[in-house]
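*Asks:* Mind folding the following:
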Amino acid sequence: MAEFVILRDSMAYNIILGRKTINDVGAIISTKLLVMKFITDNRSVGSIKGELETAVACDNAGLSLKKKSKEVLGVFLADLDARVDDNPRPEPEGDLEKFRVGDTEEKFTFINRNLLHELKEPLVEMIRANGDLFAWTPADMPGIDPHLMSHHLAIKPKARPVAQRRRRMSQKRAEEVARQTASLLEAAFIRELDYSTWLSNIVLVKKHNGRWRMCINYSDLNKACPKDCYPLPNIDALVDAAAGYRYLSFMDA
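*Replies:* I've put the predicted structure just below:
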């Protein structure tokens, strides 16, 4: 037996199973093949198969319904994206207190000033004891060896490469781009390519603290890639990990 939350509204999906329910029924899900296999009452293997066309059509129908009417009260996957500009950004609760994590003053983080003492002190000690896990510069995040795992874009076969027209920027912004690019090269996050079929402009976006965030205008490349039908592959793990706890840290996300 499993408990479900019923929403009386239009949704992009008919049912969402959590990790606990999936584990209880001994199910294994292949999102690529749209198949779920599980153990039946007579100890045989049962299968539930889906259709890719139906799944994509259902997802598109839910998203198109949101676009047609801004007054609709449904909950859609797009509403869960904190990057949408018209949604309020999540903010920590209460006053923040800065404390040093590493061996220099530049290596610091924040904690709620109003936390209970018996909770605050062990949390600070735990963070400082694991200070080597924090990445202070891009060089501290070497990532995964490409020989072990690599990600490739699934570009549509009939898509034509697009070379965007060069966007000029001021001298100050150009120096910031050069500085951030040098740090990425030092960390081996990127590499120089002399001949590329796709060319995208660099765009600098002002952050809340006044610094610049270097972004890439991948709008043309995104149009040439098939839509991902599973935009939140780890949301169930995040929700399950936060369930039952009184406090939620921003580091949990």
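
*Asks:* When you work out contacts or count neighbours from here on, use the C-alpha atoms and nothing else.
*Replies:* Noted.

*Asks:* What residues of stretch 42-58 count as buried?
*Replies:* Across stretch 42-58, burial judged by 16 or more other C-alpha atoms under 10 Å covers Val56, Cys58.

*Asks:* One more: stretch 18-32?
*Replies:* Applying 16+ other C-alpha under 10 Å to stretch 18-32 flags Ala27 as buried.

*Asks:* Convert that stretch to PDB, retaining C-alpha atoms only.
*Replies:* Taking Å, rounded to 0.1, in the frame of the first residue of the first chain, the C-alpha atoms of stretch 18-32 are listed here in PDB:
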ATOM      1  CA  GLY A  18       8.800   8.600  -5.100                       C
ATOM      2  CA  ARG A  19      12.000   6.600  -4.400                       C
ATOM      3  CA  LYS A  20      10.500   4.900  -1.300                       C
ATOM      4  CA  THR A  21       7.500   3.500  -3.300                       C
ATOM      5  CA  ILE A  22       9.800   2.400  -6.100                       C
ATOM      6  CA  ASN A  23      12.000   0.600  -3.600                       C
ATOM      7  CA  ASP A  24       9.100  -1.000  -1.800                       C
ATOM      8  CA  VAL A  25       7.800  -2.600  -5.000                       C
ATOM      9  CA  GLY A  26      11.300  -3.600  -6.100                       C
ATOM     10  CA  ALA A  27      11.000  -1.600  -9.300                       C
ATOM     11  CA  ILE A  28      13.700  -0.700 -11.800                       C
ATOM     12  CA  ILE A  29      13.000   2.200 -14.200                       C
ATOM     13  CA  SER A  30      14.700   2.900 -17.500                       C
ATOM     14  CA  THR A  31      13.800   6.500 -18.600                       C
ATOM     15  CA  LYS A  32      15.500   6.000 -21.900                       C
END
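
*Asks:* okay, now the domains of this protein?
*Replies:* 19-86, 96-140, 171-223 (automatic domain parsing).

*Asks:* Figure out the helix or strand that Lys98 lives in.
*Replies:* strand 96-100 (DSSP states H and E).

*Asks:* returning to that earlier point: okay if I get the domains of the chain as TSV plus distance to His151?
*Replies:* Formatted as TSV, the domains of the chain follow (distance: least, C-alpha to C-alpha, whole Å):
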stretch	distance to His151
domain 19-86	16
domain 96-140	19
domain 171-223	13
